[in-house]
Every structure is written in C-alpha cells, then in structure tokens.
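Student: got a predicted model here, sequence first, then my questions.
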2 protein chains.
Amino acid sequence: MAGDGTDPRALQYEQTLMYGRYTQDLGVFAKEEAARLREEAAFRRLVTERSRSFDLLEYDKSRCAKCRRYPYTLEAHPRDFLSVCTLHCQKFLISRVGEDWIFLILLGLVMALVSWVMDFCIALCLQAQKWMYGGLDSNLVLQYLAWVTYPVVLISFSAGFTHIVAPQAAGSGIPEMKTILRGVVLKEYLTLKTFVAKVIGLTCALGSGMPLGKEGPFVHIASLCAALLSKFMSLFGGIYENESRNIEMLAAACAVGVGCCFAAPIGGVLFSIEVTSTFFAVRNYWRGFFAATFSAFIFRVLAVWNRDEETITALFKTRFRLDFPFDLQELPAFAVIGIASGFGGALFVYLNRLIVQFIRKQKAINKFLMKKRLLYPALVTLLISTLTFPPGFGQFMAGQLTQKESLVTLLDNRTWAKQGIAEEFEYIGHAAAWKHPQANVFVTLVVFIVMKFWMSALATTIPVPCGAFMPVFVIGAAFGRLVGESMAAWFPEGIHSDGVVYSIVPGGYAVVGAAALSGAVTHTVSTAVIVFELTGQISHILPIMIAVILANAVAQSLQPSIYDSIIRIKKLPYLPELGWGHHEKYNIRVEDIMVRDVRYITLNCTYRDLHDVLLTERLKTLALVESTESMILLGSIERAQLQTLLSQQLGRPRRLEYLRQQAQNERKHMSVASTPSSEEGNHKVNQEVRFQISTEESSFSPTRTVSSKPLKPALKRHSVVERGPEIPSSQDSGIALKSLFCAHPESAAAENNNVENTVVPEHRKPKRVRISVVDQDVEDDMTMREIAEWEEQQLDEQVNFNNCKIDPAPFQLVERTSLHKTHTIFSLLGLDHAYVTSIGRLIGVVSLRELRKAIEGSVTVKGVKVRPPLASFRDSGTSSSDAEVTELHKLWNRHTNLTLPRDPQPSDSDEKSQ
Amino acid sequence: MAGDGTDPRALQYEQTLMYGRYTQDLGVFAKEEAARLREEAAFRRLVTERSRSFDLLEYDKSRCAKCRRYPYTLEAHPRDFLSVCTLHCQKFLISRVGEDWIFLILLGLVMALVSWVMDFCIALCLQAQKWMYGGLDSNLVLQYLAWVTYPVVLISFSAGFTHIVAPQAAGSGIPEMKTILRGVVLKEYLTLKTFVAKVIGLTCALGSGMPLGKEGPFVHIASLCAALLSKFMSLFGGIYENESRNIEMLAAACAVGVGCCFAAPIGGVLFSIEVTSTFFAVRNYWRGFFAATFSAFIFRVLAVWNRDEETITALFKTRFRLDFPFDLQELPAFAVIGIASGFGGALFVYLNRLIVQFIRKQKAINKFLMKKRLLYPALVTLLISTLTFPPGFGQFMAGQLTQKESLVTLLDNRTWAKQGIAEEFEYIGHAAAWKHPQANVFVTLVVFIVMKFWMSALATTIPVPCGAFMPVFVIGAAFGRLVGESMAAWFPEGIHSDGVVYSIVPGGYAVVGAAALSGAVTHTVSTAVIVFELTGQISHILPIMIAVILANAVAQSLQPSIYDSIIRIKKLPYLPELGWGHHEKYNIRVEDIMVRDVRYITLNCTYRDLHDVLLTERLKTLALVESTESMILLGSIERAQLQTLLSQQLGRPRRLEYLRQQAQNERKHMSVASTPSSEEGNHKVNQEVRFQISTEESSFSPTRTVSSKPLKPALKRHSVVERGPEIPSSQDSGIALKSLFCAHPESAAAENNNVENTVVPEHRKPKRVRISVVDQDVEDDMTMREIAEWEEQQLDEQVNFNNCKIDPAPFQLVERTSLHKTHTIFSLLGLDHAYVTSIGRLIGVVSLRELRKAIEGSVTVKGVKVRPPLASFRDSGTSSSDAEVTELHKLWNRHTNLTLPRDPQPSDSDEKSQ
C-alpha cells in the first residue's frame, strides 16, 4: 500500500528520463518525494478546507442577499444586510474575474510576452555566437573553439539546470499534455519549478544554435502558464478550482502555445487539437481561437512597437506572384514531394526512437553516461557544432546560417538554379551561404538535408527542453527547394504552354515541402494552415493540401507520430487511435475483447473471500456484485479500500481491543465492581473514533464528476499527520495480512516497472486512510497460534461495507457495444476500465489494455503488421439474446421463489414448464 | 401504438413546412405514408435477411479459405477449395471497395461534378435573364415584365417541384444535418427523391437571382450524396451497412459540401465542424480534409479544363498589396466592423424568425396561403425583383449585379470614395453599377445594405432549397466596404506616419466585414478561414480574426445562430450548447435537475401494476428495477413492449384460448374419448407460435451498438404481412385495454404536436411485434361482465418478461455528476435520457428536457435572460454519502436477513449495534 502512495510521482520522474536513465538513486528519491508529497497534500487539504468553508459561508450569505426582495421569508437580522451587501458586491467582482475571457486574455498576454522575450534572448544568444565567431576570423583554431564551446556550454547549462530544477521540463511536452488531457494526472508537469526550468532551459537550448524547435515546449509552457494562472486566480476565489474547467483551459492553452510561437492562431488551434485530443468539444475551439488570436496579436504588436517591423505581417513572409502561383502540370511534382516527405517523416520518427533505444540498451554506454550526466548533451553538441563549423564541413551545408535565416533563404521567391548554373546569380544577404565555389546549389542542398536530418533526430534526444517541429520544418523546406530548383533547371521557361512564360517558383516548392514533412512527422494536416499563416500567403493551398495529405497517408501507415512515439518510449498510458480504413474493426464487439473471468466481491462475502480475492487479483478496482447467483453489479471498490477493510478487521488494534474485552470480561468475572464504568465508556468512544475513515473524495465517480469535496465533519479535522494506506509493519500485521501484503514482492516490483498500470487517473488515486493509533493499555501477549486462530475466526465474519467508499456507478457497456463505440467512450471519458453488464448482471470487464490490444492488433505498429485481431465468430446472433432472456428468467425465478433463497437446485424445470 | 409507428415520418413532413403550414390533409397523408413505410420496411427486412444469410455463408467460406494452410484441421472436401478461392478473391476486391479513401474520393468527385454543373446551370440562367433584360431595352414595361417574370417563374417552379417531390428538401439543410449527426433519425432527409428535389430546386432558386445562398443546401446535398453512395456501394457488400461508419461519413460529407461550394477545403472542414457537431472526433477531421481537398481540387480543375481560368486560384481572388496590408492604427475600425456585424447578425437571425412567426400567426394570411401554395414564394419574389429592377429603385443599389458580381466588385482593391468624390474615377466593368449620377457611392452602399438585409431575411423563408450564408456574406462585404470607403475618405493619405504613403484599402475592410457578418449569423469562427480561401489572401488575418471574434461574442450573447434558430422553429430535438463564461453552471449537478419521481416497473410486478403505470405515465421508456425495496436498476423497457405484453395478456386470442381450454375441460368432463388428442396437440403448437416476438433489434443498446441483427429463426420468416403494434380494435380489445389506449385521446394528440418527444433516436424506435392471428374455432361468447372478471383475474398474474426486449444497460449517471459532464455525455452519445443511480439503485432520471431547461435557465434565449437555474442547496456534502451508506447498509441487511425476505420492520437496531 505504501507503494501505491508513493509510486506515481517517482515514476513520473523516471518517465522524463527517456534518455539514458541516469538515476541510480531512484528509490531514495522516490521515498523522499513521496514524503514531501504527502506533507504537501496534507497542507493543501487544510488550506482548501479552510477556503471551502469560507466559500460556503459566502455562498449562504449571497443566497441571503438574493432573498432580500422577499424579506418575510428571511429569518436573519436586518443589520446583517449591510455586510451581506458588501460581500455580495465583492463576490460579484470576483465572479467577473472568474469569467473565461479575462482568463484567456491574461493567458494570451502572458504567453505573448514570454514568447517575445524568449525570442529576443535567443536572438541575442545567436548574435553573440556570430559576433564571437566573426571577431576571431584571424585564427581558425580560436574560431573553431569559439564556435564549438559556445553551444556546448549553453546546452550543458540547459541540461544541468533542467535536471536540477525540474527534470519533467526536458523534451517536447506535447506527449505529456496529450496524456494529461486524456485525464491522467501527471501533476509535477504543471508546477512553477517546471515552468522556470522549461523557459530558461529552452532559451539556452535554442540560443545554442542546435537544430531544435520551440513549438512543442511552447505548448507545455502555455499549459504551465494556464495552470499557474489558474492557481493564482484561485486566490481571488471563484471557479478556478474546478477540475473540468481547468482541463478545458489547458486545451485552450495548448492552442495559445502554438499560436504565439508562430503567430499562427488558426493553425495553432488546429495543430493543438490534432496533437493533443481524440475528441474535441467545439466549445473549446472558441476559447482556443480567442486566446490564440489575442496572443498572436500581442506577439506581433510587440515586434511593431519594438520597431522591428512596420506593421503586423507574417513571420516568414513570402512574396510569390499571386496571379499564377503554379501550373496544373506541376502538381505531380508536388505529389512526389508529399509522398517522399511521408517516407522521410516516418524515417525521422524511427531514427529518433532508434537512437533512444540504442543508448538505453548499451549497458556500458549507459553506465558511463549515468555517472556523467552532462556528458551526453555535451558530446552530441560537440559533434553537431563541429560538423557545422562554417570553414570546415559547414561550408557545404550553409553552416553559418541560423535556423531562421535558413528558412528565410529557402522560402525566397527567386530561382537559384537557373542562374546558379550560369554562375551569374547575385546571392543577396544570407542566400550567399548556399553558394559554394566548388559545388553547385544542388550539392549544398542535398548535404544540408542529409546532415540536418540525422542531426535533428539526434539533437532532439538531448534531455533539454526542445521540440522537433522547427528542425523538421526547415529540412522539409530544403527538400522542397531541392525539388523546386530541379524543376526550374529542367523547365527553365516554365511548363505553361500558352505563350506567357510563368517560370517555376522553387520557393513555393519549399513551402510545400516544409508543410509536408512536418505534417508527416507529427501526423497532422494543420501544418498546412500553419504554413499559410507563417508565410502570409495562401495561394499554394491546393499543392500544400495535396502534399500534406499524401505525406500523412504514407507516414501514418508506417510509423506512429513523433509524439505518440515518445509516449510509447516514456511508457505513458495511451489509447491508440482507430486507424481509418481498417473497417474490420467495425465488426469487433466488446464481447470479443472483454475479460470474462472478472474477479468480484459480493455484498455478503466474508473477510476470507476478500482475502482470497486480494491475494489472487492485482487489479486496482474490484467489482461489487449483489450475490454470486444474481451477479447484479452494484459498484466498484478500490483495492486500497478493501485492503483497509481487511487490515482493520485483522489489524493489531482490533486484536488488542479483543484482548481488552476479554480481559474486561475476566475482570468482570473476577470482581464486578472493581473498575469504574466511566473509564470503560471513555475507551469505547476512543475505540469508535479510531477507525473512522475520512469521507473526502467519496463523491468521485468514473465519469469524473466535479470533485467538490463534501465538508469533513469537524471531528476529523484535528488529525495532524496523514499517512497513506501503508503496509502494516511485520510487528503490527497478523499472519493473514502478512501473507497478503508480502506474498508477491516480485509482483510489486513488477508493478513498479509496469508504469502503464501505475500512473493512475486522478479519480482512481488510492484514498488515504487515517488511523490514529491510540496508546494501548493492553499488552499483546497472544501467541502466534492464538493469533492465527483469532484471525481464522475473524476471517469468517461477513464484511461490513459501511465505511467503505464505493464507486456507485462504474461505467458499464453491453456485450454488443462495438469496439468503435468503446474506443469513443474510453477516449472521451478518460476511462481505464469499464464493466460489461447484461441486464444488471456483471459478465465481463474491459480495460485500456484489452482495448489497446484489440486496436493494435490491426493497426501497424513499428512498421510491422501485427496479425489481425481476434475475429469474432458470430454464427447465430440469437444465442446471446437467448442467454439474456434465460438469465433474466433466472433472476425472475429467484424472485418468485424468494421464500426459498439460496436454493441450490437450478430452476430449469420451472423454465420449461412455461 | 399505431401512433408510435407512424408519427415520426408524418412529423418530419410537418417539420419541413415551417413556412405557412399549407397542409390540411396532414392526417390522411400521414396514414398513407405510414402504411407505405411499413410495407417498405417489411420488404427491406426481407432483402436484408437474404443478403445477410448470404454474407454469413461467405464469411464461413472465407474462414475456410484462411484455414487452407492447415489442411488437417479442415473437414470440407478439397474440391470446394476452388470455389472458395474465387469467392475469397472476390471478397478481397469487395473489401477494397469498402476502404474509406475510395469512398471519400468518389464522394469528392461526385460532389465536385455536381457543384460545377450546378454553377454552370446557374450561370446560364442568370445570363439568360440578363440577355432578356438587355434585349428588351427599347420598352421599359416589357423590360420590367421580363425582369420580374423570370425569377417568379423559376422560384415558383422550384417551390412547386420541391413540394411535390420532396418537401424535406426545402430550406438550408444544415439544421437537419446537425440533428441527424446528433443521432436522431430523420430518414426521409437522406433519400434519392430529396437529392433530386434539392439539386434541381436549388439550381432554379439560385438561377432566379434572388439573394439566396448555396452553402447550406450543399451541405445537405453532400450528405445525401454520401448516403446514396453508401447505399450504392452496399450493393457490393462490405461495410456500408454499418451505422456508426455512416455517421462518420456524413460528417465528412458536410465538410465536402462546404469545401466544394467555395473551393475552400480547410474552411469547409472547420465550418462543418462548427455548425454540425458538439464533439468532434479528430479521426473524422482527417476524412473531412481528404474528401474536401479532393473535391475542391476537382471543382477548380474543371474550371481550368473548361478554359474559364488559366490555373487553379481562389474563387474571388483579391489583389491587395502584401508588404503593408494594413496599419496597426486601423485596427479600431476593424473592431468596430466586428462589433457592428455582431449586432447585425443577431438582428438578421431575429428578423428571419420574426417573419416566419408572423406568417404563422396571422390566421387569415395563413389560411389563404394554404390554399395557394405557390403564392407566397411568387409574391416574395415579385416584391424583391421589383425593388431591384435596375431602371427603377435598383439603380440606387446596384440592382443589375448578380450576387457574384457584387462580391467581386466589393472586394476590389481600388478605392472608390476618394475618386468618387472627385467624380474622376473610372469604374471598370461591373463596378460602374455602384456609381449613380445623382447619389455618391456611400448612398448606394447604404441603400444596398439596408435593402439586401431585409430582402435576404425574407427570401430565406421561401420554401425552396436555399441558404443564408452567401447573401449575408455579400451584405457583410458591402458593410465593410462602406466603412473602408469612409476611412479612405477620412484619411486620403493613409494613416501611416513614417513618410511612405500607404493608402487605405477598402477591399480589405470588405473582406473583414464579410467574414464578421457571416460569422455572426452562423456563430462560427471558421468564416475567417473560408474568407482566406475564397480570396486567396491571408494578409488580413489579424483584423479578420479580431472582427470575427468580436462579432461572435456579440451575436452569441444576443441570439442563437441561424441554424439553431431554424432548429427551434422546426421543433427538431436539440441540446443547447453550454455557453462560455457562465461558470455558475459548473456547480450544477445532476441531483439538482433530475426528476426524482421515476416511474418504474419491478421484475415481480403484476399486469395490474403494468396497466397502472402505463395509464399514468407517458414516457417512451420505463425503468425496470429488481424490486421496490432494492430499487436496483436492471434495464429499461420501451413503452411499446409493455403495451404488447399487456395486450397479449388481455387480448382476445388469449381469452379465446381460455374459453377453448374451458370448453375442452368441459368436453373432457362430458366425454373423455370423444375428441382425438392429435388435433388438440396441433392447436397447442399453433398456440405456442402465435405470440412469438421477433428477436430482431434485440441487441440494441443505449450506447448505440452496431446493429448487425442476429439471424432470425427460420420459423418466423414466412410471416408475410408485418404490422406495427396496433391499438387493438374495439371489438378485439378488452375493457382494461380500452381504458388504457383510449383514456387519453387528447394526450395522444398532444404527443403528435410535441414533436420533440416523438422524433425518437433510432435505437429507441418502437419494435414491431408480429401477431399471426390463427382462425379461431371457439366462439367469443363471454359477456362484458365475464370479460371484466376474466381480465381482473388476468391482471393479478405476475408479468412474464421472457419475451420482452429489455435494454440491458441504459445509461447511468450518479447524483453528483456535473451538468457539464452530463451535457458532454448526452451530446456525445446522443442520449435522450439517462437514469441516475446510486450503488445500483435507481433514484432519478434526467432527460433532454431537464438538461435543456437547466442550460437555458442561464443562457440567454430570444434576447431575454431567463431566470437563473435552480441553484442547488448543498449545505453539507456528508448527507449524500451518508445516505449512500445507509442505503447500502439496507441492501446488505436485506442479504443478512435473507431468510426472512420482505421483512417489513426496519433493521435499525442492527445498524446501531455495529
């Protein structure tokens, strides 16, 4: 049970370390963290409680204020009215603060500022590197050292800082946000520490000039911002503690993140929907648009105010001709870009995963890297910056250009190749970097694409905050440019045949390539929209859409998206998407995938049954049915609850109580008037309070109701230390308990490793039980044999579920629910299991695992087609309905024969006679 | 019961007639239609059955083919293999046809062709009018006659044709699609007839030059196309009969509709999501993009091949300057456009509804229009075309321009006002229409806006296929132009202060205005994207986004969207959106809105209870609980099922059977060996078959499972005529039944009017029962008193639910589920009611009506704030959990005391002793 309480955080910590697993001291850390977490939780609860009671007070008062028009119904004193009125006004003001639009505007504003300041700092960093490199042009060695040291230092600092402050900040953040929006709680991902680590880490990482992106981290930063803002606003009271509202705000924040990163509000909203949601509420769409537009607006206005630009325009503005953007006959070339990008995108995802897995698997490397945590980032940075050193190999791949400069030159609307061949084209500004005296522009482009491809895949494995979108985008643009330049060289006069010469615009190809490759890597279509907003031109809409769709079709059939790939690498809980076109899945029903052998407990079971079930079953929740005969599902109970029940029944305190009673009986027997009865009564009271279980979170439901917790009775508030449900220490626990909790130490360890099962959705979190142990006045002098005897006796008692928290309406499906529908329900409601019932009877259970298996059975994973899913053999549909009728009949018969309950003989004869 | 069977269609028919209610013969028509529908259904079922059995055969065979690798496990003859192999290949090919992408490509292709052909025809029609008008320029009267007669004839034809062929085709179609995608079945809306009526009606309506749009109808046409294509493809077998797939394809089709109408794939997808969905599956998004892009591509390629255009570009291409699209200081003007458009949009929706309601209310007008069905369209057309007559009033409002021409001129990038004042600007082409010798361009624009505003609101009430998007778009563009021209006149040198003169571009304002007004009317943000795609320029993205968002904010707080307004006018079932910012709704729980007084039936109830419940309750479905004491919810039963049960129990056949048995007993009593027993056995068999209820659709579930119906036993297949569950005729029915079915004739009529309750989701459709009446050999000679006696006796029997179809897992919520979550679940799963349970016990029910009430209580409807919703008084949260515990305890006690069932005394003493 202690494992249940502490693991989630520890595992979250481990999950962030997809690169290298440096932590040997995981166990120690986990324990410390768990202790801290428990303390924090206790404190938080205290605060919440207090504010809640205040809220309630206020609520009552505002109700009174509303009632003022009907003074006769009011029983309060009239002099209360004044204070009530002021409170009401105050509440009104506060409720205004609680309006969504204020929150969204604030969020947009803050994110725009963050984005702008970060961009500014990054630009400064990059300028500094250029300045150093440029200043040392006399000495090649010094130049090289400056070129290489600068990024190594920055990246090392970024990695170190991130590791020390908040290891969760490493990586993209989109996979985690996807998981969080699915309803899983990864709480450490939304703290101030993480925010600081992410912002500073990202600034340094991008300032180093490595091929890293800022998009993914920005989604995370925006979510962090929303969470923190939410917390801050909740100081003013209002709605900010509402769980479902916070989830909605997080969805909007994701849109803001992309929106203010690229000044692309529409693309931002769509991209964030595509990468983080399975089902999207259209009402959130509105929120996203609002916040993202505001954010993008402020972001661009800041640039204007800073005199960087004259007015608000696109970030990477292109100037392609409008009247004839492309010829219809160029479409095959665009389609080729799309298909090639599809393969390229899949390759990128595969390469990225391969690198991570390679480093993980190589024990020797891993061991070494574990000791020197910053070595891996430094080595990777050294390698990459050495290769891009402009006077060295970098001259063949435009090494001196930053990411932004490369992109601007690649989207240029002039053609290089035609003039490039004739060596007469005057490369203006940065475009000169693409020209090499010995090699023509094609060679430069090819080298750039190949080198940047593996560099980006490698760089994104560094444990610093970084995304993969922008590097991929640039590579795509280079690839598009390559195709475009080839086309321009092939058709120097353009393809159009009607007299007018419309030369080919390689920049358009670059735009198409960028959208296609980034779409393929992320499995999104909205990169097309992002491209329109980034370039400020929509004239190439059809080629871009075609290329993006083709790229997606290819990439989706080969590999998961980069984010899903990371989710799998990090072993976050996930539900695969239903692929499209796999229409056999429409025929799979719940009955084909469900686990029929459900472990359940009955309402009239004994503690022995409980014990047995807990011994054999490792599930988080168990079904509670009315009786074995009827199998009517009443609810579900968490494992922890049952363990508590059992330990209460068999625990030491109860045994001591038993001993005390026995002693008392003896004493009574010996001297009737020797003990004063008042003392005994005192003990009784103590006894009764002792095992009170806190009622908080009793209102949780599988459909994730708003967990506004009921006020706890005052009685319980003075319990100071709160402990998670713990494994009774060996001295404390009895024999049966010991067998239960210590029977499978290896399985507990397995649980630790099997992260998928352990990161539990919030509403499934183990409940805390408070056991305030009272000093004992009876000595525990039972022998082992006596204890065993006593326990045997206790185990035969019927379980009293009175104080047990039961989920009163676990999610139910019927046998014939399609896989499709099940997937929909699971992904929408964020379930992790659902019971399958038939007319109230429990007949099976489906968990995320079964669902995943069923879906992945037919979806291609890791490039290999797994064999088709268990095809259901449905020869005659009447059987199931017959079964239903029969079972119902049984139930009915049970009632007609109610005077003879637990009648063992089957009532088949009855059935036939009708 | 007959009412249940026939109403849906009749009511759908009535719903289409939102304008004028012409039908006096509704009752007769409804009966005819119902009869036809029943016949069709029987035929369809026969066909499906046959094909299904074939499918199964094939399935078995293909299984065999798969087994061929393991020949030893096969028991079939090897010579079967050849045929099996060919069948397998055939099946493979067919399964390819079933792939989504083939379907989507076909859909896109067909829709692009339809769109293009329609555009072509519309252009022809409009040209014809111009030609007539131009040819008669010698005589003003003749010219007027030609100008007026042409649209009147076309609109009258369109209205008449639509009315005769498929009245469902009238109107936009988006409201109906929204309803269908919510899961409600409006089957007549997706037939070939409707398709023909819609296409031809729309072509004529738009060809008349009235201010009507093609967008809404195109959504409907695309959906029709998808449904028909689906039907057609199902001839080849495969997946096309799957319900949930068809819904997904319909969602994609909506996107295609908008996409190929405007050649705007991205905007189309987004717009269709916003207007038709509440929750959107991201996997459908992909489908929509694919189909819409393909469709838009083909649509534009057709134009290129037809030599209309040189290459693929935007439909209404603009040529605004790219480098400095607008100044930051112009933003207030854009914001003003947005806010004004918001008010304008709300006014438009209000005006539209007002006109419909006015015509409905005026009894005299209504009566007259009912007789002359085509008079209303003709009159409206006459009025509008008279006012736009170019030499008449039309000269002040650019009357001679078609919608398309107006839009092109309004989006022009030159400034009229500056030169217009100086009278020196040379209006090129159509733009000349905006110039009037006496009035300046501002007057023309104002007149245009005002006149077109009411004309559009009026024209969209004509019962022809028409949308409101395009007219509103044009009005918005004109308004934007007006503001732009004013700005240009105010700042002739532009606002920018840094030396360079950037003059103001009124065309940009027109674009902003168009997006804002259409966004306000439809309550969508995606009009912005549509505008980008329509104009081919995205440079004004920020002004457009700001204006659209402001317009939406204003319009949404004043009026429902035009589509929601029509849904309410037509009384289609709907679920209002949760407004944003109304955060008090986060605190409403199911327990605040649920109906606590649930009518239920118990498993061991008598027919009398059933009878009483049916008498007092008018709900479609009733809850089935285990017993009154436990209240454990077992499932729900449809009203029709219960009525069948009751009529079986009390019906004439059973009475005759009783008489026959009595007679036999008497005969046996009189002469033991006189009747041969074989005959009697014969009768017995007949008797048993007689009331067999078909098992089809027994597999339905509230979560809308795939309804692949089980094979029916061969026994039932030879019942030729199938009748809906009918009211037993007076001769047939007994006294109790009569009282049941005839007790509330007025309430049945009320049900007819209350459409909301009658249009049932598909899985709630009343089931058909087959009663094959066998010739009777016993005379019904019971007196009324005897019948009453017999019935009393029958009513006291316990109900046998064996043959009754029970929904085994109706949707359950818990008391503390938030309104928010409930709304989510209802809108996602398309529920119309859900039971509220607590640990298996039924404690309440929530239907769409309660939900609607709770939401609209705080959302503004019809411009008036309704009073806030029932605020729940939640003083102490412990009460509910206490109650839970107590109830559970009761349940538990019931089990411990199981030897004394139905023990009346409460077991409180037990409870306290623990």
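Tutor: Thanks, I have it.

Student: helix or strand for A:Q129, which one?
Tutor: Assigning secondary structure by DSSP states H and E places A:Q129 in helix A:100-135.

Student: give me the buried positions along that helix.
Tutor: Within helix A:100-135, the residues that count as buried by 16 or more other C-beta atoms under 10 Å in any protein chain shown are A:100, A:103-112, A:114-116, A:118-119, A:121-122, A:125-126, A:129, A:132-133. For the C-beta atoms, the positions are set from N, CA and C on the backbone; glycine is no exception.

Student: swap in stretch A:785-796?
Tutor: So stretch A:785-796, judged by 16+ other C-beta under 10 Å, has buried residues A:I787, A:W790, A:E791, A:Q794, A:L795.

Student: the residue nearest to the second one when sequence neighbours are not counted: helix or strand, and which one exactly?
Tutor: Put plainly, it is A:W790. Closest residue to A:W790 apart from its sequence neighbours, by C-beta to C-beta, 6 or more residues apart in numbering or on different chains: A:R655 at 6.3 Å. Here A:R655, judged by DSSP H and E, is contained in helix A:652-670.

Student: list the helices and strands the helix holding A:Q129 packs on?
Tutor: Counting contacts by 3 or more C-beta pairs under 8 Å, 6 or more residues apart in numbering or on different chains; DSSP states H and E, helix A:100-135 is packed against helix A:140-165, helix A:192-207, helix A:215-233, helix A:243-262, helix A:282-305.

Student: quick one: the strands in the stretch 351-500 of chain A, in order.
Tutor: For the stretch 351-500 of chain A, strands defined by DSSP state E, counting those that start in this stretch do not occur.

Student: shaky segments in it?
Tutor: Counting by pLDDT under 70, the stretch 351-500 of chain A shows low-confidence ranges at A:370, A:417-430, A:497-498.

Student: the helices in it, which residues?
Tutor: A:363-371, A:375-388, A:403-410, A:417-422, A:441-459, A:469-490 (DSSP state H, counting those that start in this stretch).

Student: determine the angle, from 0 to 180 degrees, between the fifth one and helix A:375-388.
Tutor: Okay, so that is helix A:441-459. Angle between the axes of helix A:441-459 and helix A:375-388 is 170 degrees (criterion: axes from the mean of the first three to the mean of the last three C-alpha atoms, to 10 degrees).

Student: can I get helix A:441-459 in CSV, CA atoms only?
Tutor: What follows is helix A:441-459 as a C-alpha-only set of coordinates in CSV (Å, rounded to 0.1, in the frame of the first residue of the first chain):
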residue,chain,number,x,y,z
VAL,A,441,23.5,24.6,-55.1
PHE,A,442,22.1,21.1,-55.5
VAL,A,443,25.0,19.5,-53.7
THR,A,444,24.7,22.1,-50.9
LEU,A,445,21.0,21.3,-50.6
VAL,A,446,21.5,17.6,-50.5
VAL,A,447,24.3,17.7,-48.0
PHE,A,448,22.2,20.1,-45.9
ILE,A,449,19.2,17.8,-45.9
VAL,A,450,21.1,14.6,-45.1
MET,A,451,23.2,16.1,-42.4
LYS,A,452,20.4,18.1,-40.8
PHE,A,453,18.1,15.0,-40.8
TRP,A,454,20.2,12.9,-38.5
MET,A,455,21.4,15.9,-36.6
SER,A,456,17.9,16.9,-35.7
ALA,A,457,16.9,13.3,-34.8
LEU,A,458,19.9,13.1,-32.6
ALA,A,459,19.6,16.6,-31.1
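
Student: how about it: buried residues?
Tutor: For helix A:441-459, the neighbour count (16+ other C-beta under 10 Å) marks A:441-442, A:444-449, A:451-453, A:455-459 as buried.

Student: try the longest one
Tutor: Residues of helix A:469-490 classed as buried under the neighbour-count rule (16+ other C-beta under 10 Å) are A:469-489.

Student: so what does the following helix or strand past it touch, helix or strand wise?
Tutor: Secondary structure here is assigned by DSSP H and E; on that basis, the next helix or strand after helix A:469-490 toward the C-terminus is helix A:506-522. Using 3+ C-beta pairs under 8 Å, 6+ apart as the contact criterion, the secondary-structure elements in contact with helix A:506-522 are helix A:265-276, helix A:331-361, helix A:403-410, helix A:469-490, helix A:527-535, helix A:541-558, helix A:562-569.

Student: hmm, A:M451 and A:A478 touching each other?
Tutor: No. Applying C-beta atoms under 8 Å, one finds A:A478 not in contact with A:M451, separated by 10.3 Å.

Student: which phi and psi does the closest residue to A:V408 other than its chain neighbours have?
Tutor: Excluding its sequence neighbours, the residue lying closest to A:V408 (C-beta to C-beta, 6+ apart) is A:F316, at 6.2 Å. When quoted as degrees, to the nearest 10, the phi and psi of A:F316 stand at phi -120, psi 70.

Student: now the strands for the stretch 551-700 of chain A?
Tutor: Secondary structure of the stretch 551-700 of chain A (DSSP E, counting those that start in this stretch): strands located at A:600-602, A:621-625, A:633-638.

Student: closest one to chain B among those strands?
Tutor: Among the strands of the stretch 551-700 of chain A, strand A:633-638 comes nearest to chain B, with 4.1 Å by C-beta to the nearest C-beta.

Student: now the closest one - C-alpha only, PDB.
Tutor: Written as PDB, here are the backbone C-alpha positions of strand A:633-638 (Å, rounded to 0.1, in the frame of the first residue of the first chain):
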ATOM      1  CA  LEU A 633     -23.300  -5.100 -10.400                       C
ATOM      2  CA  LEU A 634     -23.700  -2.600  -7.600                       C
ATOM      3  CA  GLY A 635     -20.500  -0.700  -7.900                       C
ATOM      4  CA  SER A 636     -16.700  -0.900  -7.800                       C
ATOM      5  CA  ILE A 637     -14.400  -0.700  -4.900                       C
ATOM      6  CA  GLU A 638     -10.800   0.200  -4.900                       C
END
